[in-house]
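Asks: got a sequence here, can you model it:
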Amino acid sequence: MASEVYRDELTLEDLLYIFKKRFWVFFVTLILTVALVVDYLILATPIYEASVSIKVEPQTQGSIADLFASQISSSRPDISTEVELIKSRRNIEQVIDELNLVDYFKNKAEGEGADITRQDVVNTVSEMISISPVKDTKIVKISVQSDDPVLAKNIANKLAEVCDEFLKSLSKNEYTIKRKFIEEQIPIEKLEETRIAEAGVVGTSTLVDSTIVPEGPVKPNKKLTLAIGGVLGIFLGTLLVFIFEYADKSIKDKEELKRIAKGKVILGRIP
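Replies: A predicted model of the protein is given here:
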């Protein structure tokens, strides 16, 4: 009965009265929600992130005509190929070998009954790494997330180093193939130019920023998570208050009856 009247005409005074009457429903819901969030923050494994920035040069142009054509086709650097190469399986496996990560993960899983294979380690390390090109630049950010801050730093720095060596070797191979082709096709003068270019390759990536051991975790974000938990608790508490009020058809006392009657004459009541 009470809920029917409230639905017909619900004023601010009515809302305040409902919240006052159902205060403990709202309060307990809010406290339980925040407590669950705090419990999650205590039990959640902290995740650390280490990042390095490298400058990646697009594929070297083979001639002035090629360079002119590339300038016409796009004014933005196209480093999509190099970005994909950074996280290639070859680079990941080299990082694993040089940091001896297979043994690291086997030792970490010891006692948990897990049989760690090399493929498992490759998959795990790949999932830890994210590559983010900086818009309209040749800068690429390599980020590594792990529950071990030292491991995150080591993988990030090593991947940047391995990537530099790999891109250099690809560039060197490109000039070598070009030289071998020219040896059979053009005069000595052009061949010498190509040999000079081959010898002068200095790499297609440059380390901009190395990383250090991260001091604090990036996950979970305690302030943000607590704020979300508080908002969620308020929402759930408010929702439950109105659900309880809607489900309650009874009138508890004559004061509530007067509020519902809103000035109408009350002839009597049944005890």
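Asks: distance of residue 231 relative to residue 16?
Replies: According to CB to CB, to the nearest Å, residue 231 and residue 16 sit 21 Å apart. Backbone N, C-alpha and C define where each C-beta goes, glycine included.
Asks: now the helices for the stretch 51-200 of the chain?
Replies: 64-73, 80-86, 89-99, 101-109, 118-128, 149-185, 188-199 (DSSP state H, counting those that start in this stretch).
Asks: what is the host helix or strand of residue 234 packed up against?
Replies: Using DSSP states H and E, residue 234 sits in helix 222-247. In terms of contacts (3 or more CB pairs under 8 Å, 6 or more residues apart in numbering; DSSP states H and E), helix 222-247 is packed against helix 2-8, helix 12-21, helix 23-43.
Asks: flag the shaky bits of the stretch 51-200 of the chain, pLDDT-wise.
Replies: Along the stretch 51-200 of the chain, segments meeting pLDDT under 70 span 58-79, 111-114, 171-200.
Asks: one more time with 50, if that's ok
Replies: 61-74, 113, 179, 182, 188-189, 191, 196-200 (pLDDT under 50).
Asks: measure residue 211 to residue 242 for me?
Replies: Relative to residue 242, and taking CB to CB, residue 211 is found at 51 Å.
Asks: buried ones in stretch 211-227?
Replies: Neighbour-count burial for stretch 211-227 flags 211, 214, 217, 220, 225 (criterion: 16 or more other CB atoms under 10 Å).
Asks: wait, stretch 91-108
Replies: Neighbour count says stretch 91-108 has 91, 92, 93, 94, 95, 96, 99, 101, 102, 104, 105 buried, by 16+ other CB under 10 Å.
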